[in-house]
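1. coordinates only, sequence not included:
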């Protein structure tokens, strides 16, 4: 133990096996922090989970930092997204060998920003130096946000069920939250290094406590402000949405039998919540035509019967050769076609799921189509228009569109009031994939101060307030039928982040690029200095 502590005092002399051990210690802490299948997870570990990895990177050479960063990112993804393998098998019908090849590639892509940061840390050696913590925090945050990801599953999302600290996202979005999480970790690292080396550890320890205190005070203030307005009725409107979770079998499918659950639960919802404003069905596991017999002869009569809107997910085909197929959110209006009040509207999914709904690079590499034979060739939509229903402007999102902040911002800018996320997470089986998907989407509510209804086919559905607080009792169980409805308040004011956008992110990028330029310029000046030989 003494030799272990001595090696940490001077990290530049740390052996590579010890660096590996410290890196995997951080991986384990991140795993413990992530939400499990039922939402459990030690979320407070997010404030210190990077510290062992920071010890591993301190004093490491660039190539070693690159490898340590890659290993950290790869195994974080590998451990928290195992449900992806189940989903790929269910969706694409691939063999186990192909599934694991694709999964390893996804994990490697997810590890790329961490590898870049490890290399940059090896080049500049920020950790442990004066003002190194904010520099390292900014660098890591930039890479995590700007490097494209299929599934941006990073450690910040463990705070999805911790409403106080995530309120800071209404100022600078997820980039600001990531920066602060990184900063507290690196200040904790500096405090431990200072303590071990018997140097001044009070300043970084104070900074660590100060940042946590500031976001706690800000978060509590914003929550109290929202709840106070709620009690005084200072809101645009109170909305009653009914979520219908039919839990249709994914494998064996009998249309007449299994779709009966949709109509039966819809009828139950009408009886249970007759005064609701709108009824919403989730993304269904089968490809049903928007103009097909089921929706027109089963669901539309229900809408007419109750006089309320039904929002459904279905496929919209345009009669061309080959036909364009859209994954759509369609409002089935209770009004007749010739009625001037008819309000039917459609939204076509814009961000498609790669390999499941389209094949990336298939035009350039046609052979990839032989690898993925069961994908659905959808066409992405192009119109970012919300749905106007019953005087409320709904922000539609299908499946994992809700995890992309910039996409949701475009719809919120169209004066959207409430975010609707229709999804089917049954493909991920008995894994924590559904909880991670929910966690990723919760942050949109805080960033833009809009409530969200997450309507799922087989769980986990939820009603989320504009503070990111999940309404108690609203989370639906996995693989069970459910009909739920909870009131959601729509704030009249949006967040600062809604108006400012990514000002913090771009400001951080400018500062970081400027510093790199200055360092490069200073290096050239040093190299150009000529020393005269003494006579």
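-> Received, thanks. Fair warning: this is a prediction, and the values are worked out from it, not measured in the lab.
2. Output the longest helix belonging to this protein.
-> Identified as the longest helix of the chain according to DSSP state H is helix 202-232.
3. need the next SSE after that one, C-terminal direction.
-> strand 237-245 (DSSP states H and E).
4. Could you list the paired strands of that next one along with their orientation?
-> strand 278-280 (parallel), strand 482-490 (antiparallel) (DSSP bridges).
5. picking up where we left off before, could you list every helix and strand in contact with the longest helix of the chain?
-> Applying 3 or more Cβ pairs under 8 Å, 6 or more residues apart in numbering; DSSP states H and E, we find helix 202-232 packed against helix 163-166, helix 169-196. Placement of C-beta: from N, CA and C, glycine included.
6. What's the mean pLDDT across it?
-> The average of the pLDDT scores along helix 202-232 is 93.
7. could the helices and strands packed on helix 202-232 go into a markdown table alongside mean neighbour count, mean pLDDT and distance to residue 434?
-> Below are these laid out as a markdown table (neighbours: other Cβ atoms under 10 Å; pLDDT from 0 to 100; distance: least, Cβ to Cβ, whole Å):
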| stretch | mean neighbour count | mean pLDDT | distance to residue 434 |
| --- | --- | --- | --- |
| helix 163-166 | 22 | 96 | 20 |
| helix 169-196 | 23 | 95 | 20 |
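8. TSV please, covering the ones you listed and showing distance to residue 97.
-> Below are those laid out as TSV (distance: least, Cβ to Cβ, whole Å):
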stretch	distance to residue 97
helix 163-166	40
helix 169-196	35
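9. any idea how far residue 332 is from the closest residue to residue 379 other than its chain neighbours?
-> Counting by Cβ to Cβ, 6 or more residues apart in numbering, residue 379 lies nearest to residue 324, which is 4.4 Å off, once chain neighbours are set aside. In this view, residue 324 and residue 332 are 21 Å apart by Cβ to Cβ, to the nearest Å.
10. Neighbour count: the two, which is higher?
-> Counted by other Cβ atoms under 10 Å, residue 324 and residue 332 do not tie: residue 332 has more neighbours, with 23 against 13.
11. ok, now which ones touch that one?
-> 295, 299, 300, 303, 309, 310, 311, 312, 344 (Cβ atoms under 8 Å, 6 or more residues apart in numbering).
12. What does it show for phi and psi?
-> Main-chain torsions, residue 332, degrees, to the nearest 10: phi -90, psi 110.
13. what's the nearest residue to it if we skip its chain neighbours?
-> Closest to residue 332 by Cβ to Cβ, 6+ apart is residue 310, at 4.3 Å.
14. quick one, phi/psi of the one you found?
-> Torsion angles, degrees, to the nearest 10, at residue 310: phi -120, psi 120.
15. Count the residues that sit near it.
-> Counted with other Cβ under 10 Å, the neighbours of residue 310 add up to 25.
16. before we move on, what about residue 24?
-> The local packing of residue 24 (other Cβ under 10 Å) involves 17 other residues.
17. Verify the stated contact: it with residue 75.
-> Yes: the criterion here is Cβ atoms under 8 Å, and residue 24 meets it with residue 75 at 7.0 Å.
18. show me the contacts for residue 189.
-> Per Cβ under 8 Å, 6+ apart, neighbours of residue 189: 50, 51, 54, 55, 58, 127, 128, 133, 204.
19. Next, find the distance separating residue 84 from residue 31.
-> Separation of residue 84 from residue 31 (Cβ to Cβ): 15 Å.
20. who's more crowded, those two?
-> Taking neighbours as other Cβ under 10 Å, residue 84 and residue 31 compare with residue 84 leading, 24 against 18.
21. For that one, give its distance to residue 257.
-> Residue 84 sits at a distance of 30 Å from residue 257 (criterion: Cβ to Cβ).
22. Please apply the same query to residue 399.
-> 25 Å.
23. The two: who's more crowded?
-> Between residue 399 and residue 257, counting by other Cβ under 10 Å, residue 399 is the more crowded of the two (22 against 11).
24. my guess is the more buried one contacts residue 353, does it?
-> Yes: Residue 399 is within contact range of residue 353, at 6.2 Å (criterion: Cβ under 8 Å).
25. OK, contacts around the residue nearest to the spatial centre of the chain?
-> Per Cα atoms, centre = their mean, the C-alpha nearest to the average position across the chain is that of residue 440, at 2.7 Å. Counting by Cβ under 8 Å, 6+ apart, residue 440 touches 152, 153, 157, 160, 400, 402, 403.
26. and the gap between residue 138 and residue 510?
-> Taking Cβ to Cβ as the criterion, residue 138 is separated from residue 510 by 11 Å.
27. With neighbour numbers in mind, choose between these two.
-> Legend: neighbour count by other Cβ under 10 Å for residue 138 and residue 510, higher for residue 138 (22 against 10).
28. Check whether the more buried one really touches residue 179, as I assumed.
-> Yes: using Cβ under 8 Å, residue 138 makes contact with residue 179 at a distance of 6.3 Å.
29. what's the overlap in contacts for the two?
-> Common neighbours of residue 138 and residue 179 (Cβ under 8 Å, 6+ apart) are residue 508.
30. and residue 76, what element?
-> Assigned by DSSP H and E, residue 76 falls in helix 62-80.
31. which helices and strands does that helix pack with?
-> helix 16-33, helix 51-57, helix 96-124.
32. For the second one, which helices and strands make contact with it?
-> Counting by 3+ Cβ pairs under 8 Å, 6+ apart, the packing neighbours recorded for helix 51-57 are helix 16-33, helix 62-80, helix 96-124, helix 169-196.
33. at 7 Å instead, please
-> helix 16-33, helix 62-80, helix 169-196 (3 or more Cβ pairs under 7 Å, 6 or more residues apart in numbering; DSSP states H and E).
34. How far away from the center of its chain is that helix?
-> A distance of 25 Å separates the centroid of the chain from that of helix 51-57, by Cα atoms, centre = their mean, to the nearest Å.
35. tell me the mean pLDDT for it?
-> Helix 51-57 comes out at a mean pLDDT of 96.
36. In the contacts of residue 440, find the pair that's most separated.
-> Spatially, the most separated pair among these is 160 and 400, at 15.0 Å (Cβ to Cβ).
37. between those two, which one's more packed in?
-> Set residue 160 next to residue 400 and count neighbours by other Cβ under 10 Å: residue 160 wins out with 24 against 20.
38. so what's that one scoring on pLDDT?
-> On the pLDDT scale, residue 160 is placed at 94.
39. do residue 100 as well
-> pLDDT, residue 100: 86.
40. which residues does the residue nearest to it when sequence neighbours are not counted contact?
-> Once flanking residues are discounted, residue 100 sits nearest to residue 85: 6.9 Å by Cβ to Cβ, 6+ apart. Counting by Cβ atoms under 7 Å, 6 or more residues apart in numbering, residue 85 makes contact with 99, 100, 103.
41. Please report the distance of the second one from residue 243.
-> When distance is defined by Cβ to Cβ, residue 100 is 35 Å away from residue 243.
42. what does the first one give?
-> Going from residue 99 to residue 243 by Cβ to Cβ gives 32 Å.
43. Tell me which of these two has more neighbours.
-> The neighbour comparison of residue 99 against residue 243 (other Cβ under 10 Å) goes to residue 243, with 25 against 18.
44. Dig out what that one forms beta bridges with.
-> For residue 243, the beta-bridge partners under DSSP bridges are residue 280, residue 484.
45. right, and it touches residue 461 too?
-> Yes: under the criterion of Cβ atoms under 7 Å, residue 243 makes contact with residue 461 at 5.3 Å.
46. intersection of neighbour lists for the two?
-> 455, 484.
47. What separation is there between the closest residue in space to residue 163 that isn't next to it in sequence and residue 492?
-> Distances taken as Cβ to Cβ, 6+ apart place residue 469 nearest to residue 163, at 4.8 Å, with adjacent residues excluded. According to Cβ to Cβ, residue 469 and residue 492 sit 18 Å apart.
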